[in-house]
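K.L.:
Quick one, what's the 3D model for this:
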Amino acid sequence: MSDWNTLYDKIIVERHAADKMVRGLAVAETHERRKNTGTVLSVGSGRLIPGNTYTVPLVVIPGHEVLFHEHAGVPLEPDNDDIIILREDEILAYRTPQAAASLRMA
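P.N.:
Alright, predicted model coming up:
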């Protein structure tokens with residue numbers, strides 16, 4: 001976990017590991033596709049509303065699994081894109097950890 005904190009509508013996400021196997025065949029490291037899913041590590045205080053002095057809390061919380069566009073976000077470290085910073089509006093969908101676990105059990 002990173003010791004960084006995010007501001008406002010920013011979210012720190014740990015990207016899920018790339019698939020090493022596709023349809024039972026091993027994939028070369030150079031051809032692995034980056035996953036566009038991840039786990040929320042940290043969220044900011046909320047989205048600023050123009051003209052107001054308060055923020056609206058974000059929908060996602062730490063622990064949620066999120067789906068985002070493949071090229072969305074900014075890497076936290078220049079040489080490592082395993083942990084990225086997203087804006088709330090870059091997240092396409094989310095699910096709670098309990099929902100993800102029940103899908104894996106089925």
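K.L.:
What about the closest residue to Thr37 other than its chain neighbours, how many residues nearby?
P.N.:
Nearest residue to Thr37, sequence neighbours excluded (Cβ to Cβ, 6 or more residues apart in numbering): His16, at 4.9 Å. C-betas here are computed from N, CA, C, even on glycine. By other Cβ atoms under 10 Å, 14 other residues sit near His16.
K.L.:
need the contact list for His16.
P.N.:
Contact analysis of His16 by Cβ atoms under 8 Å, 6 or more residues apart in numbering lists Lys35, Thr37, Gly38, Thr39.
K.L.:
Among those residues, which are located in strands?
P.N.:
Thr37, Gly38, Thr39 (DSSP state E).
K.L.:
follow-up on the earlier one: need the contacts of His16 in a markdown table with pLDDT and neighbour count, can you?
P.N.:
What follows is the contacts of His16, written out as a markdown table (pLDDT from 0 to 100; neighbours: other Cβ atoms under 10 Å):
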| residue | pLDDT | neighbour count |
| --- | --- | --- |
| Lys35 | 76 | 15 |
| Thr37 | 87 | 16 |
| Gly38 | 89 | 23 |
| Thr39 | 90 | 16 |
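K.L.:
would you list the residues you listed in CSV and tack on distance to Ala93?
P.N.:
Shown next, in CSV, are those (distance: Cβ to Cβ, whole Å):
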residue, distance to Ala93
Lys35, 14
Thr37, 9
Gly38, 12
Thr39, 14
